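Asker: got a predicted structure here, sequence first:
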Amino acid sequence: MLQKYSQFMKEANLIGGEWVQADSGATIDVINPATGLKIGIVPKSGRAETKRAIEAANQTFLSYRKTSALERSKLLRKLHDAIMDNQDSLAELLTLEQGKSLAEAKGEVGASAAYVLWFAEEARRTYGDVVPSPWADRRILVTKEPTGVIAAITPWNFPSSMLARKIGPALAAGCTAVVKPASQTPYSGLAWGALCEEVGFPKGAVNVVTGAASEIGDELCEHPLVKKITFTGSTEVGKILIAKAASTVKKVSMELGGNAPFLVFDDANLERAVEGAIAAKYRNSGQTCICTNRFFVQAGIYDAFVEKFSAAAAKLKIGDGSEAGVQQGPLIDEKAVEKVEELVADAKEKGGTIVTGGKRHALGGSFYEPTVISNASPVMRFMKEEIFGPVAPVFKFESEEEAVDLANDTEYGLAAYFYTGDLGRAFRVMEGLKYGMVGVNEGIITTPEAPFGGMKESGLGREGGHQGIEDYLDTKYVSIGGLGL
Ligand SMILES: NC(=O)C1=CN([C@@H]2O[C@H](COP(=O)(O)OP(=O)(O)OC[C@H]3O[C@@H](n4cnc5c(N)ncnc54)[C@H](O)[C@@H]3O)[C@@H](O)[C@H]2O)C=CC1
Ligand SMILES: O=C(O)[C@H](O)CS(=O)(=O)O
């Protein structure tokens, strides 16, 4: 039973340090995906509220940018501690609005804190350069300065950790932020606003606005005081934002859609591959941008893999994420289930065999059975379309070259995984895959120390790693003469 979340359930927007309602008084209902019941409301804000949030963020930026790196680092460490001190409450809120199991929600909150801690440390390492001057009487400096007001637009599938990957580096660099969480999962983002206030970030450093996505998005993309758009979500929306941001030449970071391949070679450790496959497919009920979308298994190990993988998938415990032991919750909404049903029907029409699952769960609502489909073929929609659900199509391949070609046959390039016991094959395949992130004999790879991001139409920029803060800094070259040297 969820009992601790209410303290963070903010039903208002945070603008310039004030918790306010929409100008019109309009609200949006927030629904628990597990029950279909309303859990609360949030303001339906629009352009006017967003404009005020941008202006508040800019006013605060004028002073916040002058804080020392050490000051910012200490504030971020306090934010890390506050998140961890409230991990259970924040996890309950996350499960309530998004549906994932409490265990996964706790993991996401922990990951959020880990990203904040990483950028607390990175805040003090935004080094510039002193360059040997070509002129005897001049000195050359290269400095790093905070970009300014940034706009962070986040998805419903990881409403906390996706924000951490944006707010963390922004505040570390000396930027201020206007955040637009997904309307399906606004409370985690609003809780971030409350936590930032609680630990002492100045009023206006973090502003959180909920409401009509396109209205808020247009204001964020068009307002001249917003210097950067950082977005996590679908490639379709990412392209809209890139185009709109062009009008004022804003910097953009885009973490977009995926179509992850998972290759299993005959020489793989089968038990390890099955364990990695379950983790890489069914985390968050398959609703992650780096979930495996296509399994490619070499002919010699195909039947054994399908048998063990489907048996493991069938054992997953399905239910309301707030219940103890639940491993897979509901999909986010009815539309998501209908998309999954379409893709499964297409596969069956084109010769796919349902080995386990393949239909809505007996719990009803937006629960769907963990599904494995064998005899998958490249003519199926799975090959090109992101499933974003607990369905695993398993394709067979003969040669290493064929596997890499099949894996790369997509406009996406976010994450890829493969299992092999052969070192030479590991390097050939790692270097042949056109993806921003590759798991070798591992199905879970995300960590703050590493740069998260994709190639091709999976995005621009990186989040995490030492690269993650660079997107929030501007480089300035200074040539100093008249020194009488
Ligand atoms: N590359 C990555 O790290 C990740 C990518 N994704 C991708 O996101 C998708 C699922 O998440 P969704 O939230 O459904 O994606 P979405 O693209 O529909 O929405 C993402 C965010 O953009 C907002 N939005 C939608 N239209 C907008 C507009 N015209 N202007 C401004 N904001 C707008 C939404 O309200 C939400 O806050 C999948 O394609 C998934 O692959 C999700 C998580 C991580
Ligand atoms: O939204 C997502 O899919 C996340 O990027 C996945 S992860 O960062 O939690 O691995």
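Answerer: In hand now; what should we look at? Ligands and ions are numbered 1, 2, ... in the order given.

Asker: and the helix or strand harbouring Glu338, anywhere near ligand 1?
Answerer: Assigned by DSSP states H and E, Glu338 falls within helix 334-349. No. On the criterion CB under 6 Å from any ligand atom, helix 334-349 is out of touch with ligand 1, staying 8.4 Å away. Every C-beta, even on glycine, is put in place using the N, C-alpha and C of the backbone.

Asker: hang on, isn't Ser234 packed against Leu256?
Answerer: Yes. Using CB atoms under 8 Å, Ser234 makes contact with Leu256 at a distance of 6.6 Å.

Asker: how about Ala177: which residues does it bridge to?
Answerer: The partner list for Ala177 in beta bridges (DSSP bridges) reads Ile150, Val206.

Asker: just give me the neighbour total for it.
Answerer: Neighbours of Ala177 under the rule other CB atoms under 10 Å: 30.

Asker: who's in contact with it?
Answerer: 57, 149-152, 166-167, 170-171, 205-207 (CB atoms under 8 Å, 6 or more residues apart in numbering).

Asker: ok, back up a step: which residues does the helix holding Glu338 contact?
Answerer: Contacts with helix 334-349, where a contact means CB under 8 Å, 6+ apart, come from 287, 331, 352, 354, 358-360, 366, 368, 371, 373, 376, 380-382, 385, 387-391, 393.

Asker: now the next helix or strand after it, how far from the centre of its chain.
Answerer: Of the helices and strands lying after helix 334-349 in sequence (DSSP H and E), the nearest is strand 353-356. Relative to the chain's own centre, strand 353-356 is displaced by 30 Å; criterion: CA atoms, centre = their mean, to the nearest Å.

Asker: now do strand 353-356: which elements does it pack against?
Answerer: For strand 353-356, the contact count by 3 or more CB pairs under 8 Å, 6 or more residues apart in numbering; DSSP states H and E identifies helix 302-314, strand 371-374 as packing neighbours.

Asker: look up how far ligand 2 lies from the spatially most central residue of the chain.
Answerer: Centroid-nearest residue in the chain: Met162, 4.2 Å away (criterion: CA atoms, centre = their mean). Distance, Met162 to ligand 2, by CB to the nearest ligand atom, to the nearest Å: 6 Å.

Asker: ok, Ile150 next?
Answerer: Relative to ligand 2, Ile150 is positioned 19 Å away (criterion: CB to the nearest ligand atom).

Asker: that residue against Ala173, yeah?
Answerer: No. Using CB under 8 Å, Ile150 is not in contact with Ala173, being 9.0 Å away.

Asker: list residues touching both of these two?
Answerer: The overlap between the contact sets of Ile150 and Ala173 (CB under 8 Å, 6+ apart) consists of Tyr472.

Asker: how about the residues of the stretch 301-450 of the chain near ligand 2?
Answerer: Counting by CB under 6 Å from any ligand atom, the stretch 301-450 of the chain sits next to ligand 2 at Thr446.

Asker: and with 8 Å instead?
Answerer: 444-446 (CB under 8 Å from any ligand atom).

Asker: quick one: which of those residues has the most company?
Answerer: Thr446 (20 neighbours).

Asker: hang on, it packs against Cys289?
Answerer: No. Judged on CB under 8 Å, Thr446 makes no contact with Cys289 at a distance of 10.4 Å.

Asker: more neighbours: Ser234 and Leu256, which one.
Answerer: Leu256 (26 against 15).
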